[in-house]
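Participant: Have a look; sequence and predicted model below, questions after that.
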Amino acid sequence: MLYSTKPYQLSEILYQRFIQFIETLDLSNLSLGRHELGDGIFAMVQQYSTKDVEGAMYEAHKKYVDVQLMLSGEERMDVSTLKSLVTTVDYTEVSDAQLFTHQKPDYTWLLYSNDLAIFFPEDAHCPGLTAKSTTQVQKVVFKVPVNLM
């Protein structure tokens, strides 16, 4: 399933680049971390346990669009518009992130294996939250420069 706050369809070029990378993944021996894909696009392969909402923060990015693909596990993602949030950590260009205090979301998405979520610069998102019970998650976060979307 595709989750997005606005109608969007991946371009054929981005789709092919993502598929090419995913086909190289060995889930039994996952190579965590950053993988360069060219044209400023990179993938962050992540593995972690979901967490309770207490202490969680929303994040938003200006230079990159997040395209998050769940490989295994399940997680809840809370999503809100920027204008409704209180800044906790100001935007830094190095991390391309601004952090916000967690509050009641505008949307709550439950993602399972093979689900895809796209977060544009105006989408503050709080990923990695426990859906039903704490679970191990494997996912790829593709970072795509805004100008390529």
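Facilitator: That came through, no problem. Residues are numbered from 1 along each chain as shown.
Participant: Could you list the buried residues of stretch 33-45?
Facilitator: Buried residues in stretch 33-45, counted by 16 or more other CB atoms under 10 Å: 35, 37, 41-43, 45. For every residue, glycine as well, the C-beta is placed using N, CA and C.
Participant: ok, which pair from those residues is furthest apart?
Facilitator: Greatest spacing in the buried residues of stretch 33-45, by CB to CB: 41 and 45 (13.9 Å).
Participant: which element is the residue nearest to the spatial centre of the chain on?
Facilitator: When CA atoms, centre = their mean is applied to the chain, the residue found nearest the centroid is residue 68 (4.1 Å). Residue 68 belongs to strand 64-72 when elements are defined using DSSP states H and E.
Participant: which other helices and strands contact the helix or strand just after that strand?
Facilitator: Beyond strand 64-72 in the direction of the C-terminus, DSSP H and E gives the next helix or strand as strand 74-81. Strand 74-81 sits against strand 107-112, strand 123-129, with contacts defined as 3 or more CB pairs under 8 Å, 6 or more residues apart in numbering; DSSP states H and E.
Participant: which residues sit against the first one?
Facilitator: The contact list for strand 107-112, computed with CB atoms under 8 Å, 6 or more residues apart in numbering, reads 3, 5, 68, 70, 73-80, 117, 131.
Participant: How many neighbouring residues does the residue nearest to residue 63 when sequence neighbours are not counted have?
Facilitator: In space, residue 63 comes closest to residue 96 once its chain neighbours are excluded; the distance is 4.7 Å by CB to CB, 6 or more residues apart in numbering. Using other CB atoms under 10 Å, residue 96 is surrounded by 15 other residues.
Participant: Let me see the confidence value for residue 96.
Facilitator: You'll see residue 96 listed with a pLDDT of 95.
Participant: which helices and strands sit right next to the lowest-mean-pLDDT helix or strand in the chain?
Facilitator: When the helices and strands of the chain are compared on mean pLDDT, DSSP states H and E, strand 2-4 comes out lowest with a mean of 73. With contacts defined as 3+ CB pairs under 8 Å, 6+ apart, strand 2-4 has these neighbours: strand 116-119.
Participant: How far does the strand it packs on sit from its chain's centre?
Facilitator: 6 Å (CA atoms, centre = their mean, to the nearest Å).
Participant: That strand pairs with which strands?
Facilitator: According to DSSP bridges, strand 116-119 forms sheet pairs with strand 2-4 (parallel), strand 64-72 (antiparallel).
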